[in-house]
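>>> Here is my input; please provide its structure:
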Amino acid sequence: MADGGLFAGGAADHATRSDAILAGIGGQTNALKPLVGTIDKDGLYPEAILKSLGQAGAFGLHLARHSRLGRKDLGQAVNAMALVSATCMSTGFCIWCQDTLGWYLENTENAALRERLQGRIASGDILGGTGLSNPMKSLANIEQFKLRGRRVAGGYEVSGILPWVSNLGQGHWFGTMFLDGDDSTHRIMAMVQVGQPGVEIKQNAHFIALEGTGTYAVLFKKAFISQDNILADPLDDMPARIKPGFLLLQSGMGLGVTQACIDLMREADMIYGHTNAYLPKRADDFATELAEIRARIARLAATPHERDSAYMREIFQARLDVSEISLAASQAALLHTGARGYVMGSAVDRRLREAYFVAIITPSIRHLRQELATLGRH
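Numbering: from 1, shown residues only. I've put the predicted structure just below:
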């Protein structure tokens with residue numbers, strides 16, 4: 001679908017189409033609900049659900065050529081992710097991985113690569129991950145780049161290990177960055193396919209939550225990265241191009257978990273409302289705060305290609321606020337529910353663990369605060 005602005009029906013028609021797509025995505029949560037416990041406890045990867053979400057249009061809302069809205073709408077992509085995350089944040093996280101993969105292609109100057117892969121990613125025909133946890137931290141001087149390549153005929157030969165990349169399986173794709181040898185000034189971003197010669201995945205850890213997210217270590221052993229699969233070489237301003245969308249899309253997970261916690265508080269009030277009234281922060285308080293954050297994110301998502309430092313400061317702050325309200329709301333849900341929520345396998349148990357993931361995923365709370373402090377010095 002071409003990028004052509006609003007349909008002839010204008011804003012009202014756009015809203016109608018958005019509502020219809022979100023309703024279709026919401027309908028997929030009915031199939032997801034019975035699987036949530038197995039995803040959480042047994043690490044089931046919800047591949048069939050993800051493909052159905054792709055067919056429902058969930059992965060193309062923020063992509064100019066593949067949005068069923070007629071134009072890209074990153075704010076509605078956030079809403080779709082929040083909707084699914086309110087049922088299962090493992091699946092919501094996989095949506096973020098998928099959305100971000102499409103976003104890399106949205107911002108590359110390699111039009112042939114975008115033409116070859118983006119439509120299949122938007123439809124869910126290709127699934128994949130982000131691969132930028134280590135590179136993002138490296139660009140912020142938190143870690144060192146884990147991957148190094150050397151120029152060879154037709155591309156690069158890359159070796160190293162990425163500790164954790166999610167939404168992966170055999171044949172899945174992900175984007176990542178690597179250094180050209182030991183030259184820390186020459187960085188390259190590329191698309192990589194799991195299972196291509198020299199690229200394999202291994203499970204190296206089990207987590208307290210989000211086990212069903214296809215999270216693996218990725219081993220590169222002299223893997224050939226073709227020039228055809230390069231997203232940016234040299235890296236130049238590619239991080240600046242993708243960062244607003246990367247961060248704003250990520251907020252959908254925390255928005256969904258927070259809404260789920262608000263729902264749990266209200267459910268608990270049906271039994272314990274007479275004593276929950278003495279808690280310092282209630283469901284309505286969180287709902288008001290969440291609505292304010294959502295409105296801010298919607299405004300910021302309308303202009304994801306801005307480069308102004310004040311705009312980036314707002315994005316980092318909004319993303320930090322999402323982490324902090326997720327933590328606070330999950331704790332409040334436990335306090336509202338009491339001992340019933342302290343039982344292993346309860347809905348509150350899962351939401352607490354999911355909220356902590358929102359707080360530590362790259363960029364974590366400490367990383368976000370570092371970025372805000374850096375911006376404050378300029």
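>>> Now do the same contact list for I21.
When contacts are counted by Cβ atoms under 8 Å, 6 or more residues apart in numbering, I21 touches 56-58, 61, 68-69, 76, 80. Bear in mind the C-beta positions are built from the backbone N, C-alpha and C, glycine included.
>>> So for the protein, the centremost residue is which one?
In the chain, the C-alpha closest to the average C-alpha coordinate belongs to W96, at a distance of 2.7 Å (Cα atoms, centre = their mean).
>>> about what we covered before: can you say which of the contacts of I21 are buried?
Using 16 or more other Cβ atoms under 10 Å as the burial test, the contacts of I21 include 56-58, 61, 68-69, 76, 80 as buried.
>>> Could you let me know which of those ends up closest to E200?
Taking Cβ to Cβ as the measure, E200 lies nearest A58 of the buried ones among the contacts of I21, at 28.9 Å.
>>> mind checking how far that closest one is from A23?
Plainly put, A58 is 12 Å away from A23 if you go by Cβ to Cβ, to the nearest Å.
>>> And T29, by the same measure?
T29 is 11 Å from A23, by Cβ to Cβ.
>>> higher neighbour count, those two?
A side-by-side neighbour count of T29 and A23, using other Cβ atoms under 10 Å, places T29 first with 18 against 11.
>>> secondary structure class for L162?
Under DSSP: H, G, I helix; E, B strand; the rest coil, L162 falls in the strand class.
>>> Determine the number of other residues adjacent to it.
Using other Cβ under 10 Å, L162 has 23 other residues around it.
>>> Pull the contacting residues for it.
131, 133-134, 146-147, 176, 217-218, 220.
>>> go on, A268?
Applying Cβ under 8 Å, 6+ apart, we find A268 in contact with 276, 333, 336-338, 341.
>>> Repeat that for A302.
Taking Cβ under 8 Å, 6+ apart as the definition of contact, the neighbours of A302 are 74-75.
>>> Next one: it from E292, what distance?
Distance of A302 to E292, computed by Cβ to Cβ: 17 Å.
>>> do P163 as well
Here the distance between P163 and E292 works out to 36 Å (Cβ to Cβ).
>>> where does this protein dip in pLDDT?
Segments of the chain classed as low confidence (criterion: pLDDT under 70) are 1-10, 377-378.
>>> returning to that earlier point: which one of the contacts of I21 is nearest to D19?
Using Cβ to Cβ, Q76 is the member of the contacts of I21 that lies nearest D19, at 9.9 Å.
>>> Could I get the buried residue list for the longest helix along the chain?
With residue count as the measure and DSSP state H as the assignment, the chain has helix 238-276 as its longest helix. With burial defined by 16+ other Cβ under 10 Å, the residues of helix 238-276 counted as buried are 238-239, 241-266, 268-269, 272, 276.
>>> now for the contacts of L162, which pair is the farthest apart?
When Cβ to Cβ is used, the two most widely separated members of these are S133 and F220, lying 15.1 Å apart.
>>> I208: helix or strand, and which one exactly?
I208 is located outside every helix and strand, with elements delineated by DSSP states H and E.
>>> my guess is it meets A355, correct?
No - counting by Cβ atoms under 8 Å, no contact exists between I208 and A355, whose distance comes to 11.7 Å.
>>> out of the two, which sits in the busier spot?
Summary of the neighbour comparison: I208 and A355, criterion other Cβ under 10 Å, with A355 having more neighbours (27 against 10).
>>> So which elements touch the strand or helix carrying D285?
Element membership of D285, judged by DSSP H and E, is helix 283-301. The criterion is 3 or more Cβ pairs under 8 Å, 6 or more residues apart in numbering; DSSP states H and E, and the helices and strands that helix 283-301 contacts are helix 74-85, helix 238-276, helix 309-337.
>>> So which of those is nearest M189?
helix 238-276 (5.5 Å).
>>> now the angle from the closest one to helix 283-301?
170 degrees (axes from the mean of the first three to the mean of the last three Cα atoms, to 10 degrees).
>>> tell me which residues in the strand or helix carrying L22 are buried?
When elements are assigned from DSSP H and E, L22 belongs to helix 10-32. Within helix 10-32, the residues that count as buried by 16+ other Cβ under 10 Å are 14, 17-18, 21-22, 24-25, 28-29, 32.
>>> Domains of the protein: list them as residue ranges, please.
The record assigns the chain these domain ranges, following automatic domain parsing: 10-126, 129-232, 238-376.
>>> Name the stretch among these that sits most buried.
Burial of these is given as mean neighbour count (mean count of other Cβ atoms under 10 Å); domain 10-126 ranks first at a mean of 20.
>>> can you tell me which residues contact the residue lying farthest from the centre of the chain?
For the chain, the residue at maximal distance from the C-alpha centroid (Cα atoms, centre = their mean) is H274, at 38.4 Å. With Cβ under 8 Å, 6+ apart as the criterion, no residue contacts H274.
>>> coming back round to it: the helices and strands packed on helix 283-301: which one's closest to Q203?
Evaluated over these, closeness to Q203 peaks at helix 238-276, with 21.8 Å, by Cβ to Cβ.
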